[in-house]
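**Q** here's my sequence, what's the structure:
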Amino acid sequence: MTYSVAKTAFSSFPPFCRMALMAVLLLPAGCAGGGAVDSGPQASSSATDMQGPKDTGAFPNLNIVPKSAAPQFTPDQSRAKLAQLKAVQTSQASPRSAPPPSDASTLSTLAKTHGGETLESIEGKCDPALDPNCK
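**A** Residues are numbered from 1 along each chain as shown. Have a look, this model is predicted:
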C-alpha cells in the first residue's frame with residue numbers, strides 16, 4: 001500500500017523536484033538526534049591518558065632481539081625428551097590379542113554367535129546407581 005501511495009504521489013513531479021522533496025522530507029529525520037553528534041568513545045581531557053602508539057620522532061629499531069619467555073631446550077635435552085616420549089608411546093601401544101581368523105567357516109560361526117554373546121554381555125551388566133533393583 002505504501003509503495004503505491006508513494007508511486008502516485010511522486011510520479012507527478014519532475015525528477016529534480018522529486019529529489020528536492022525527498023531531501024526536505026528526510027532532512028528532519030537525520031537531525032532528530034538533539035544536536036549532539038556521537039563520535040564513538042569519549043576522548044579524554046588530557047593527552048597523557050592516551051593509550052596506543054606514540055610518535056617519538058624516530059624510526060623503531062627492528063634489530064633488537066626479543067627476549068624469550070622461558071629458557072630454551074638444548075639439543076641434548078630435546079633428544080632426551082623425544083626418547084622419553086617414544087618409550088611411553090611404545091609402552092602404550094596395544095598389541096593385538098589374537099590375529100583375526102581367516103577361515104571362512106570360523107568367520108561364519110563368529111557372525112552367528114557374536115551378536116548373541118554381545119547382547120548377553122551388555123544386558124548382564126547393570127548399574128546400581130541407575131537401577132536400584134540391580135542384582
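**Q** give me the element residue 105 is part of.
**A** Residue 105 belongs to helix 104-124 when assigned by DSSP states H and E.
**Q** what packs against that helix?
**A** For helix 104-124, the contact count by 3 or more CB pairs under 8 Å, 6 or more residues apart in numbering; DSSP states H and E identifies no helix or strand as a packing neighbour. Every residue, glycine included, has its C-beta placed from N, CA and C.
**Q** give the buried residues for it.
**A** Of all the residues in helix 104-124, not one is buried under the rule 16 or more other CB atoms under 10 Å.
**Q** export it to CSV, keeping only CA atoms.
**A** Extracted C-alpha coordinates of helix 104-124, given in CSV (Å, rounded to 0.1, in the frame of the first residue of the first chain):
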residue,chain,number,x,y,z
ALA,A,104,35.5,-68.9,6.1
SER,A,105,33.8,-71.4,8.4
THR,A,106,35.3,-69.7,11.5
LEU,A,107,34.1,-66.4,10.3
SER,A,108,30.6,-67.6,9.6
THR,A,109,30.4,-69.2,13.1
LEU,A,110,31.7,-65.9,14.6
ALA,A,111,29.0,-64.0,12.7
LYS,A,112,26.2,-66.3,14.1
THR,A,113,27.3,-66.2,17.7
HIS,A,114,28.9,-62.7,18.0
GLY,A,115,25.6,-60.8,18.2
GLY,A,116,24.1,-63.0,20.9
GLU,A,117,27.2,-63.0,23.0
THR,A,118,27.5,-59.3,22.8
LEU,A,119,23.9,-58.7,23.8
GLU,A,120,24.3,-61.1,26.8
SER,A,121,27.4,-59.2,28.0
ILE,A,122,25.6,-55.8,27.6
GLU,A,123,22.4,-56.9,29.2
GLY,A,124,24.2,-58.8,32.0
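**Q** which phi and psi does residue 128 have?
**A** phi -60, psi -20 (degrees, to the nearest 10).
**Q** the spatially closest residue to it that is not a sequence neighbour: how many residues sit nearby?
**A** Nearest residue to residue 128, sequence neighbours excluded (CB to CB, 6 or more residues apart in numbering): residue 134, at 4.6 Å. A total of 10 residues lie near residue 134 under the criterion other CB atoms under 10 Å.
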